[in-house]
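**Student:** Sequence plus the predicted model coming up.
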Amino acid sequence: MTPATASISLLIIEDSSLVRHGIRTVLENEPAAQRMEIVGEADTAAAARRTVEGLNPDVVLLDLRLPDDSGLNVCRFIRQRLPKTCVIVLTASMDDRSIYEAVVAGAQGYLSKDIDPAALIQAIEDGHAGRPVFPGDVTNRVLNSIREDQS
């Protein structure tokens, strides 16, 4: 396979079975996602830690709120063990502090769960290609937060 046609392996770390099912449905039914393959799912931080190293996914979609630990700690774990894996936070919380902390923990992107399917597919593609994945308004908010912390 050439890089342009190689599949993108994806791990979903999300405690809501309904959200996991929705992501899976989108990626299985959208033609634009045909080169994406969901290789695993985890609903807790502990399951994520057990699963991620064995799967070595290209991209991880990660919820920040897991029942047994913070998604930020899971993000750090993934980035330490699998530095080439792209972590994209997919969460309901869009507050500046959470975004900043996710970036510091190593996330390459931060998206709201109300993202539309086409934008999610594009975000996964962008993250896999090494591009940052943030909605436009979030980029400015993160930069301002970093600048404030440096003052």
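**Tutor:** Yep, that arrived.
**Student:** for this protein, what spans make up the helices?
**Tutor:** 17-29, 45-55, 71-81, 96-105, 117-128, 136-150 (DSSP state H).
**Student:** quick one: contacts of the fourth one?
**Tutor:** In other words, helix 96-105. Applying CB atoms under 8 Å, 6 or more residues apart in numbering, the contact partners of helix 96-105 are 64, 71-73, 75-76, 79, 89, 91, 110, 134, 138, 141-142, 144-146, 149. For glycine as for every other residue, the C-beta is placed from the backbone atoms N, C-alpha and C.
**Student:** quick one: that helix to helix 71-81, angle?
**Tutor:** 20 degrees (axes from the mean of the first three to the mean of the last three CA atoms, to 10 degrees).
**Student:** that older thread, buried ones among the contacts of helix 96-105?
**Tutor:** Buried subset of the contacts of helix 96-105 (neighbour count, 16 or more other CB atoms under 10 Å): 64, 71-72, 75-76, 79, 89, 91, 110, 134, 138, 141-142, 145.
**Student:** Now do the contacts for the most centrally placed residue in the chain.
**Tutor:** Centroid-nearest residue in the chain: Ile88, 2.0 Å away (criterion: CA atoms, centre = their mean). Counting by CB under 8 Å, 6+ apart, Ile88 touches 59-62, 107-111, 123-124, 127, 133.
**Student:** Nearest to Val52, out of these: which one, please.
**Tutor:** Nearest to Val52 among these: Val60, at 6.9 Å, using CB to CB.
**Student:** burial measure for the closest one, as a count.
**Tutor:** 30 (other CB atoms under 10 Å).
**Student:** Quick check: it vs Ile146, distance?
**Tutor:** Using CB to CB, to the nearest Å, Val60 is found at 23 Å from Ile146.
**Student:** returning to that earlier point: nearest to Thr25 among the buried ones among the contacts of helix 96-105?
**Tutor:** Thr91 (19.2 Å).
**Student:** and the helix or strand bottoming out on mean pLDDT in the chain, what does it pack onto?
**Tutor:** When each helix and strand of the chain is scored by mean pLDDT, DSSP states H and E, helix 136-150 comes last, with a mean of 74. Using 3 or more CB pairs under 8 Å, 6 or more residues apart in numbering; DSSP states H and E, the elements in contact with helix 136-150 are helix 96-105.
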